[in-house]
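In: Structure, please.
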Amino acid sequence: MVIVALLCILFLLIAFKWWRQHLYLAQVDHIPGHSSWTSLPFIGHLYRLGKTPVEALHEHRKKYGDVFRLDSGPLPSVFLCNYEHMTKVLKQDATAGRPHHLIPGYVLASGADEEGKLYGIAIASGKTWAEQRRFFSQYLASSKNKFDDVIGEEAKNMCNEILDSVGSKGDALEINNLFMKPVNYVLWRMVTGKTIDNKELNVLVHIIREFFRISERSGISEILQMTTYWAVPMYKLLGYSDTILDKYEPLKKFLAETVSIYRPDINGNLMERHQEESRKAGPGSSFYGTTGTKNLEAILESLLLAGTDTVSAFLEWFCMYMTSFPDVQERCFEEIERVMGNRTPSLQDKPNTPYLEATLLEITRHCPHLALTVQHHATEDFEVGGHVIPKGTQVFYSVVSVLQDPKYFEDPSVFRPDRFINNKGAFEPDEKVIYFGTGKRRCVGEILGRAEMYIFSAALIKAFKFLYPDGKRPDYLCYRPGLNMHINQFQPKVVPRF
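Out: Model (predicted):
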C-alpha cells in the first residue's frame with residue numbers, strides 16, 4: 001500500500017512538472033512552427049532536424065516562413081531566416097544575452113558566480129560580457145601588427161610538415177584535423193607572446209579534440225548531461241569516466257596553471273594585461289578578485305575551443321573546395337605567385353589578391369560550415385516579422401537561409417567566386433555573408449580569424465596542388481553535423497609546387 005502511494009505521489013510530481021514545463025513552452029505557441037505539445041523533454045524539437053540539419057532548416061523555412069518556432073533543448077526557441085530580421089533584432093539589447101546560465105551542462109562545466117552568472121565572453125551576458133568583450137577587442141586591435149609574423153611563421157611550419165608527409169612527388173593526405181595544431185599554435189602565441197612546447201601543444205590539442213568529440217555526440221547520455229544537473233554526478237557514481245565534465249576539466253586545469261605563472265603588466269600579453277586590470281579593479285567589476293581570474297580563464301577556454309575549431313574547420317573546407325574546383329585553385333595560385341613571389345603571404349597582399357579574397361568569401365557563403373549559430377536569449381519582449389517574441393525565448397538565426405537565398409545571391413547553389421569581383425576587377429565584399437555573425441554579439445575574434453584564414457589559405461595554395469583522390473571529384477557538400485559542420489573523411493592527393 002505504501003509503495004502504491006509513493007508511486008502515485010511520484011506520478012503526480014512528474015505530471016505537475018510536465019504541466020509547468022508545458023505552460024512555460026506554450027508562451028510561444030503563437031509563432032508558426034512546432035507546438036509545445038510536440039516539444040519533448042530534454043531535446044525539445046531537435047528530433048525534427050534529423051541527421052541533415054542544414055537541409056531540414058531549409059524545409060522549415062519553406063513551410064513556416066522567415067520566423068518559426070523549433071525548441072532547442074528544454075527552452076522555447078525561435079529561428080530567424082531573413083537577413084533584414086536578423087540585423088534588426090540582433091542589434092537590440094533585448095537579444096544580446098545568452099541562455100547558457102539556464103543550461104545545466106554549461107553551468108557544471110564552466111562554473112558560475114554567486115549570482116549564477118557565467119564567466120568570460122562567449123556564453124556570458126550583461127555587464128560581465130560587455131566589460132570582458134571590450135577588453136579583449138582592444139587587446140586584439142593592439143596586437144594586429146603581430147599577425148603577419150606569427151601566422152606567417154606557423155603557416156611556413158605547417159607547409160614544411162605537410163611536405164614531410166607527402167614527399168617531393170606528392171601523396172594522399174588526411175585533411176581532417178590537420179590544421180588544429182597550427183591554428184592552436186597561433187592562438188597560443190597571440191595570448192601568451194610565447195611559443196608552446198610540442199609536448200604541451202599535443203596535450204592541448206588532444207584535450208580540445210576530446211572535448212568536441214563528446215560534445216558533438218547526440219545520444220541520450222550526452223543530452224542528459226547537458227540538460228540536467230543529476231546526470232553527470234550519477235555517471236560519475238557509476239564509474240563512467242567519459243562525461244563532458246571529464247573532457248572539460250583537463251583544459252580548465254591546464255589554463256589555470258598557465259594563468260598562475262603570469263603577473264600584471266600593462267604592456268604585456270593578454271594574461272598580464274588582464275591581471276593589470278584586475279589589480280586596479282574594485283568590487284562590482286568583472287575584473288575584481290577571484291571573479292577576474294575566472295573571467296580570464298573563461299576567455300582563454302572559449303578562444304582555444306571556438307577559435308581552434310572554427311578556423312581549422314574552414315581550412316578543411318578550403319582544401320575540399322580547391323580540390324573540387326581545380327580551375328579556381330589555379331586562378332588563386334597564379335594570382336598568389338604573381339603578387340607574392342617567393343616570400344611568405346602577408347595581410348599587406350590582400351588589396352592585390354582580389355580573386356583569392358573573393359574565393360575565401362565564396363567558400364564561407366557556399367559551404368555549410370557555420371550553418372547553425374550560438375543562440376541568443378531574449379531578456380525582454382521584442383517584435384519581429386509581426387510576431388511578439390516573449391522574454392526568456394532562445395533566438396537562433398539560420399545563416400545558411402541567407403547565404404542560400406536567391407533574393408540575396410543570384411544562383412546561390414552555384415560556387416562562383418567572381419560574384420564578389422566588381423567590373424573594375426576589385427574585390428567587393430557583401431555584408432550579407434554573415435560568417436562571423438552580426439549585431440551586438442558578432443564574433444569578437446573576427447579580425448584574427450580572417451587573418452588566419454587568408455595567410456594559411458594563401459600559403460597552402462602557394463606551396464601545394466590539391467588533386468582529386470583516385471581521380472574522383474569529392475562530394476564537397478557532404479558534411480558531418482556538429483557544433484560546426486565539418487567535412488567528411490577526405491584524403492586528396494597533395495603535390496608540392498616547389
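In: Strands along the chain, start to end?
Out: In the chain, the strands defined using DSSP state E lie at 67-69, 77-80, 171-172, 376-377, 382-384, 387-389, 394-397, 464-467, 479-480, 486-487, 493-496.
In: For those, give me CSV that also has mean pLDDT and mean neighbour count.
Out: For the C-beta atoms, the positions are set from N, CA and C on the backbone; glycine is no exception. Conversion of the strands of the chain to CSV gives the following (pLDDT from 0 to 100; neighbours: other C-beta atoms under 10 Å):
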stretch, mean pLDDT, mean neighbour count
strand 67-69, 96, 23
strand 77-80, 95, 26
strand 171-172, 92, 14
strand 376-377, 94, 22
strand 382-384, 95, 17
strand 387-389, 95, 18
strand 394-397, 94, 23
strand 464-467, 96, 21
strand 479-480, 82, 18
strand 486-487, 85, 23
strand 493-496, 95, 18
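In: Out of those, which is closest to T290?
Out: Evaluated with C-beta to C-beta, the strands of the chain place strand 376-377 nearest to T290, the distance being 25.4 Å.
In: List the residues that contact D475.
Out: Contacts for D475 were tallied using C-beta atoms under 8 Å, 6 or more residues apart in numbering; they are N488.
In: Reformat the strands of the chain as CSV; add distance to Y229.
Out: Below are these laid out as CSV (distance: least, C-beta to C-beta, whole Å):
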stretch, distance to Y229
strand 67-69, 26
strand 77-80, 21
strand 171-172, 47
strand 376-377, 19
strand 382-384, 30
strand 387-389, 28
strand 394-397, 19
strand 464-467, 47
strand 479-480, 30
strand 486-487, 30
strand 493-496, 47
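In: where does this structure dip in pLDDT?
Out: 1-2, 6, 10-11, 13-14, 16-18, 22, 212-219, 483 (pLDDT under 70).
In: what about the residue lying closest to N184 once chain neighbours are set aside, neighbour count?
Out: When the adjacent residues along the chain are set aside, N184 lies closest to T308, with 4.9 Å between them (C-beta to C-beta, 6 or more residues apart in numbering). Close neighbours of T308, defined as other C-beta atoms under 10 Å, add up to 25.
In: how near is T308 to Y47?
Out: Between T308 and Y47 the distance is 30 Å, computed by C-beta to C-beta, to the nearest Å.
In: can you check P104 too?
Out: In this structure, P104 and Y47 are 20 Å apart, going by C-beta to C-beta.
In: Between the two, which is the more surrounded one?
Out: Set side by side, P104 and Y47 show unequal neighbour counts under other C-beta under 10 Å, the larger going to P104 at 19 against 10.
In: mind listing what that one touches?
Out: M226, T227, T228, Y229.
In: Is D418 in contact with T359, as I believe?
Out: No: when contacts are counted by C-beta atoms under 8 Å, D418 is not listed as touching T359 (9.5 Å).
In: before we move on, back to that, out of the strands of the chain, flag the one nearest A256.
Out: Judged by C-beta to C-beta, the one of those that comes nearest to A256 is strand 376-377, at 27.8 Å.
In: Determine the set of other helices and strands touching the closest one.
Out: Applying 3 or more C-beta pairs under 8 Å, 6 or more residues apart in numbering; DSSP states H and E, one finds that strand 376-377 makes contact with strand 394-397.
In: Outside of the strand it packs on itself, list whatever touches it.
Out: By C-beta under 8 Å, 6+ apart, the list of residues contacting strand 394-397 from outside reads 71-72, 75-81, 86, 89-90, 95, 99, 372-373, 375-378, 389, 438.
In: Note down every partner strand of it and its orientation.
Out: Each strand that pairs with strand 394-397, with its direction, by DSSP bridges: strand 77-80 (parallel), strand 376-377 (antiparallel).
In: to the chain's geometric centre, what's the distance from that strand?
Out: When C-alpha coordinates are averaged (C-alpha atoms, centre = their mean, to the nearest Å), strand 394-397 and its chain have centres 15 Å apart.
In: Ok, stretch 243-257 next?
Out: Here stretch 243-257 is found 19 Å from its chain centre; the criterion is C-alpha atoms, centre = their mean.
In: Could you list the buried residues of the longest helix that the chain contains?
Out: Longest among the helix segments of the chain by residue count, using DSSP state H, is helix 289-324. Neighbour counts using 16 or more other C-beta atoms under 10 Å place 291-324 of helix 289-324 among the buried residues.
In: now swap in stretch 322-342 and tell me
Out: 322-325, 328-329, 331-333, 335-336, 339-340.
In: what do you get for stretch 476-484?
Out: Across stretch 476-484, burial judged by 16+ other C-beta under 10 Å covers Y476, Y479, P481, G482, L483, N484.
In: Tell me how far the last one lies from A26.
Out: Right, the one you point to is N484. Between N484 and A26 the distance is 33 Å, computed by C-beta to C-beta.
In: Repeat that for the third one.
Out: Note on P481: its distance to A26, by C-beta to C-beta, is 29 Å.
In: Which single one of the contacts of P104 is nearest to L255?
Out: Proximity to L255 was ranked across the contacts of P104 by C-beta to C-beta; first place goes to M226, at 21.7 Å.
In: isn't that closest one right up against G105?
Out: Yes: contact between M226 and G105 holds when scored by C-beta under 8 Å: they sit 3.4 Å apart.
In: show me what contacts R497?
Out: Contacts of R497 were listed using C-beta under 8 Å, 6+ apart, and they are F333, K462, A463, F464, K465.
In: which one of those residues is nearest R209?
Out: The shortest gap between R209 and any of these belongs to F464, at 24.0 Å (C-beta to C-beta).
In: Tell me how far that closest one lies from D171.
Out: For F464, the distance to D171 under the criterion C-beta to C-beta works out to 11 Å.
In: Mutual contacts of the two, please.
Out: Shared between the contact lists of F464 and D171 (criterion: C-beta under 8 Å, 6+ apart) are residues V494.
In: all helices of the stretch 301-450 of the chain, in order?
Out: 326-340, 354-366, 399-403, 446-463 (DSSP state H, counting those that start in this stretch).
In: Looking at those helices, spot the one closest to P264.
Out: So among the helices of the stretch 301-450 of the chain, helix 446-463 is nearest, using C-beta to C-beta, at 23.5 Å.
In: Identify each buried residue in the closest one, please.
Out: Within helix 446-463, the residues that qualify as buried are 447-463, counting by 16+ other C-beta under 10 Å.
In: try stretch 52-67
Out: For stretch 52-67, a neighbour-count test (16+ other C-beta under 10 Å) marks P53, V54, L57, H58, H60, R61, Y64, G65, D66, V67 as buried.
In: how near is Y288 to R98?
Out: Y288 sits at a distance of 22 Å from R98 (criterion: C-beta to C-beta).
In: more neighbours, these two?
Out: In this comparison of Y288 against R98, neighbours counted by other C-beta under 10 Å, the higher total goes to R98 at 23 against 17.
In: residues contacting the more buried one?
Out: For R98, counting by C-beta under 8 Å, 6+ apart, the contacting residues are L118, A122, I123, A124, S125, W129, V374, Q375, H376, H377, R441.
In: what's the answer for G152, then?
Out: If you count contacts by C-beta under 8 Å, 6+ apart, G152 has them with T344, P345, S346, I455, A459.
In: ok, so of those, who is nearest F382?
Out: I455 (39.7 Å).
In: returning to that earlier point: nearest to R365, out of the strands paired with strand 394-397?
Out: Comparison of these against R365 by C-beta to C-beta identifies strand 77-80 as nearest, at 18.1 Å.
In: Done for today, thanks.
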